[in-house]
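In: Sharing a model that was predicted from the sequence below.
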Amino acid sequence: MNILETILAAQNGGAVKQMGQQLGLGDDQASSVLSALVPALAAGFQRNMQSSGGLESLMGALASGQHSRYLDSPAALGSAIDDGNGILGHILGSRDVSRQVAARAASQTGIDAGILKKALPLVAAMMMGAMARQGGGSSLGASLGGSPQGGGLMSMLTPLLDQNRDGSMIDDVLGMLGKMGR
């Protein structure tokens with residue numbers, strides 16, 4: 001199951017509903033927000049994992065951060081903003097990139113960019129929760145590896161990042177990062 005599917009299915013949609021309530025959105029709009037933001041943030045996670053020490057940092061955060069609570073108990077999203085902003089700082093690097101991600105998602109969804117900026121830390125926290133569920137407590141190799149059926153962080157990220165379904169996410173990630181840099 002990829003990250004987006006894990007978030008959408010959490011607590012039978014309870015996490016999506018909670019996020020929507022916090023942002024003043026209906027369930028369909030909240031799902032659209034997730035569909036627009038998760039791939040962009042997944043590209044940031046991927047880029048961060050490939051940087052020096054990034055993978056080890058992510059694995060450490062997954063093992064110690066208790067992020068799965070954001071999916072296990074949707075009410076915990078009420079306290080996710082600080083945690084989510086910290087995550088965004090690591091994966092996107094600057095507020096300018098966050099604003100660009102929100103603006104691009106706004107053009108995709110028709111939802112105000114201001115709401116999407118507020119959604120970013122929630123979505124980042126939910127993504128960490130999905131990754132923690134998938135393999136944050138396991139060994140580094142097992143978390144990264146994994147077959148498409150069996151899991152692992154890369155198997156969660158790849159379907160989101162290989163948007164043109166050509167079997168390689170490299171061209172898609174480079175395209176996403178190029179759009180964020182403008």
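Out: Sure thing, it's come through.
In: pLDDT averaged over the longest helix along the chain, what's the number?
Out: Assignment by DSSP state H gives helix 27-50 as the longest helix of the chain. The pLDDT scores in helix 27-50 average 89.
In: list the buried ones in that helix?
Out: For helix 27-50, the neighbour count (16 or more other Cβ atoms under 10 Å) marks 29-34, 36-49 as buried. (Glycine included, C-beta is placed from N, CA and C.)
In: is it true that A61 touches G129?
Out: No. With contact defined as Cβ atoms under 8 Å, A61 does not count as touching G129 (11.6 Å).
In: Which pLDDT does the model give D83?
Out: At D83, the pLDDT value in this model is 90.
In: What is the burial count for it?
Out: 21 (other Cβ atoms under 10 Å).
In: returning to that earlier point: can you work out which other helices and strands pack against the longest helix of the chain?
Out: In terms of contacts (3 or more Cβ pairs under 8 Å, 6 or more residues apart in numbering; DSSP states H and E), helix 27-50 is packed against helix 3-9, helix 14-23, helix 54-64, helix 81-91, helix 95-109, helix 113-131, helix 153-161, helix 170-180.
In: wait, which of those is closest to D72?
Out: helix 113-131 (7.6 Å; Cβ to Cβ).
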